[in-house]
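A.B. asks: What follows is a predicted structure for the sequence shown.
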Amino acid sequence: MSTTRSSRSAVSSASPSHVNIIDTVSLFAVTEDLKRCDLMPSSLQFQYQPLLDHLATFRQSSGMREADLNLAPVTLDLRNEKQAKFQKALEVMGIVCNPTDFRHAFVSAVGVYAQKFPGGLFPSVAPQITYALGLLVARAETDVVIVSGSFDIYVPLQDYVIRGGKAVVAFFKGYLDPRWEQSGIFSESSHIAFLDLEPYAEELLGVKLQRVQTQVRSGLQQL
């Protein structure tokens, strides 16, 4: 299948212009949430190869160029052998990893926020994603498909589009930050397109996400 071959190739031209960026932190958060609710077996992991295949198919069907770089900012404990294997597995699939020490990925809490959240906040690779957008925006005719539920990238992504880039956010609709909807991303007039991954949830996560969300959000319906 052509999409599989293209997604497996270690695409990395000298100056990539058609990039898939995969927010591994956001995807990990979804899987951990499902496992916490006992709706996803603890042994299952997110399936990245089918994701690459679906992104390749989407690019082709929407008239976008084939990706010349699959980029994944990842947070790692560099001393953890299991996490090192995870990075290696991504690289075998043709995903170029940009590793960050997990301790450096937590959102800073200062002043009153440090008092409210003394244990720190949560990890994010939004800064790495926005930096990549900054590198791309200087090039002509670029496009990105960003797999992320983080709203932190919205303002720089909006500017990227204003400056001529083409942008798509791909994620599970039910797990998006609500501010994405408030920004109008689901509207046909939105300059940032949206690809809902929920129809592929069973392939990517091992569960039918629509069924899962009904169970999580409507517990009384189980009576």
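C.D. replies: Noted; the coordinates are in hand. Since the structure is predicted, the reported quantities are computational estimates derived from the model, not experimental observations.
A.B. asks: Tell me where the chain has strands.
C.D. replies: 18-22, 69-76, 96-101, 143-147, 166-171, 192-196 (DSSP state E).
A.B. asks: lowest-confidence stretch among those?
C.D. replies: When the strands of the chain are compared on mean pLDDT, strand 96-101 scores lowest, with a mean of 91.
A.B. asks: Tell me which strands that one pairs with, and in which orientation.
C.D. replies: strand 69-76 (parallel) (DSSP bridges).
A.B. asks: any low-confidence regions in this structure?
C.D. replies: Along the chain, the parts satisfying pLDDT under 70 run over 1-13, 39-40, 109-120, 210-223.
A.B. asks: Adding distance to Y48 and mean neighbour count, write the strands of the chain out as a markdown table.
C.D. replies: For the C-beta atoms, the positions are set from N, CA and C on the backbone; glycine is no exception. Listed next are the strands of the chain as a markdown table, based on distance: least, Cβ to Cβ, whole Å; neighbours: other Cβ atoms under 10 Å:
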| stretch | distance to Y48 | mean neighbour count |
| --- | --- | --- |
| strand 18-22 | 7 | 24 |
| strand 69-76 | 8 | 22 |
| strand 96-101 | 11 | 15 |
| strand 143-147 | 10 | 25 |
| strand 166-171 | 13 | 22 |
| strand 192-196 | 16 | 18 |
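A.B. asks: can you tell which of these is closest to L34?
C.D. replies: Closest approach to L34 among the strands of the chain is made by strand 166-171 (14.4 Å; Cβ to Cβ).
A.B. asks: Work out the sheet partners of the closest one and label each with its direction, please.
C.D. replies: Strand 166-171 pairs in its sheet with strand 143-147 (parallel), strand 192-196 (parallel), by DSSP bridges.
A.B. asks: Let me see the residues that make contact with the last one.
C.D. replies: So that's strand 192-196. Residues outside strand 192-196 that contact it (Cβ atoms under 8 Å, 6 or more residues apart in numbering): 58, 62, 145, 157-158, 161, 167-173, 180, 183, 185-186.
A.B. asks: returning to what we had before: as CSV, the strands paired with strand 166-171 with distance to A14 would be great.
C.D. replies: Below are these laid out as CSV (distance: least, Cβ to Cβ, whole Å):
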stretch, distance to A14
strand 143-147, 18
strand 192-196, 27
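A.B. asks: ok, back up a step: which stretch among the strands of the chain comes nearest S42?
C.D. replies: strand 69-76 (20.4 Å).
A.B. asks: could you list every residue that touches R36?
C.D. replies: In this structure, R36 makes contact with no residue, judged by Cβ under 8 Å, 6+ apart.
A.B. asks: Against A29, how distant is it?
C.D. replies: Distance, R36 to A29, by Cβ to Cβ, to the nearest Å: 10 Å.
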